[in-house]
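Engineer: I would like the atomic coordinates for the input below:
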Amino acid sequence: MTTATEKTTVTALQTHPEVARARAALQRTLDDPAAGAAHAPLARAADALESDPTLVLTRDGQYRWDCLSELLRQHRLLARQAALARAGGPGKVNPQAPRELDALVVRIDQLVDQITAAARPDWDTPAHRAALAETVLPADHTLATIAAALRSAAGPATALAPDHPRVRELLALADRITGAVPARREHTLELLEARKLQDRITVETADSQVVTGLLLDYSDHHLWLHRHDVEGVDRDTPWRAPLGRVAALTGAP
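Structural biologist: Just a heads-up that it's a prediction; the model follows:
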C-alpha cells in the first residue's frame, strides 16, 4: 500500500527543478522546426524522462543530460549553418555544416540510447529510491568540509561568547555532521579486513536499510556487494555503501 509520504516523494521527484529543466530543454528543441532528424531521438528521451524522472537525479544521469544539453546547443548552431549551406545564399557559409549536422544527430541518437536504457519502470519503489539516494549522498570528505566551514563561521561568536546557546548549538551540529562518521568507518573497515571477498555478509546502514549479498570489494571509504537482495535492483548490479554509514555488518566469517 502506497503511503501519503511516498506519494508526496514521487510527486516531488516528478516536479524536481532538475527534471523540469531537462524537460524544458528537450521541449524547446522538439518545438523548433529546425530539429529535423534529431526530433525522433529527442522524443524518445522525453518519453524516457516522463517514465523515470530519476534519470537526471543520479551522478551518471546528470552527466548524460549535461552531455545531451551540450549536443543540443551544438545542434542549434549547426542547424542554422546547414540551412544556409543548403540554400546556397551569399555570405560566409560552412559547406560542411550539413554533414557535420548529420554526424551530430548520430551522436545524439547514441546518447539517447544510453539514457533510455537506464530508465527503470520501478523507479518509484522505496527500495530503488533508497539505492539511488545512497549513490548521491555527500562523501565523508564533503561532510568534513561542511562541518569545518560551520565551525569557522561560528569562530568569532565562539571567541566572544562560547557559552551562548546558539554558539553551542552550531558547534554541536558540526560535531554531529562528522562525529560518528570516522568511528563507523574505522570499525567497518576492521570488520571487512577480517573477511574475504565473495563472503556472504549482511549490511545495515545508518538509515536502517538491510542488504545481504556477496562482498565484491571494499576501499577505505566504500564497500560493494553483488548477488544482493535489494528489491527492485538487478542482483548483478553492484550495491555500494559508504563505510561511514554502515551501522552493522554481520555474516562470514
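Engineer: How about the contacts made by Arg168?
Structural biologist: Arg168 makes contact with Pro162 under the criterion Cβ atoms under 8 Å, 6 or more residues apart in numbering. (Glycine included, C-beta is placed from N, CA and C.)
Engineer: Specify the local secondary structure of it.
Structural biologist: What DSSP: H, G, I helix; E, B strand; the rest coil gives for Arg168 is helix.
Engineer: Quick check: beta-bridge partners of Leu214?
Structural biologist: Listed beta-bridge partners, Leu214: Arg200, His226 (assigned using DSSP bridges).
Engineer: That one contacts Arg200, correct?
Structural biologist: Yes: using Cβ atoms under 8 Å, Leu214 is in contact with Arg200, at 5.7 Å.
Engineer: who has more neighbours, those two?
Structural biologist: Leu214 (17 against 14; other Cβ atoms under 10 Å).
Engineer: averaged over its residues, what pLDDT does stretch 119-138 have?
Structural biologist: Per-region confidence: stretch 119-138 scores 82 on mean pLDDT.
Engineer: distance between it and the chain's centre?
Structural biologist: 9 Å (Cα atoms, centre = their mean, to the nearest Å).
Engineer: Quick one: residues in contact with that stretch.
Structural biologist: By Cβ under 8 Å, 6+ apart, stretch 119-138 touches 6, 9-10, 13, 48, 51-55, 57-59, 146, 205, 207, 209, 230-233, 239-242, 245.
Engineer: With stretch 233-241 instead?
Structural biologist: Contacts with stretch 233-241, where a contact means Cβ under 8 Å, 6+ apart, come from 127-128, 131, 134-135, 203, 205, 211, 213, 216, 222-230.
Engineer: Quick one, which of the residues you listed are buried?
Structural biologist: Those of the contacts of stretch 233-241 that meet the buried threshold are 128, 131, 134, 203, 205, 211, 213, 216, 222-226, 228, 230, by 16 or more other Cβ atoms under 10 Å.
Engineer: which residues touch the residue nearest the centre of the chain?
Structural biologist: Centroid-nearest residue in the chain: Thr58, 1.5 Å away (criterion: Cα atoms, centre = their mean). Contacts for Thr58 (Cβ under 8 Å, 6+ apart) come out as 132, 135-136.
Engineer: What does it show for phi and psi?
Structural biologist: phi -110, psi 160 (degrees, to the nearest 10).
Engineer: before we move on, the earlier item: now, the contacts of Thr58 that are in helices?
Structural biologist: 132, 135-136 (DSSP state H).
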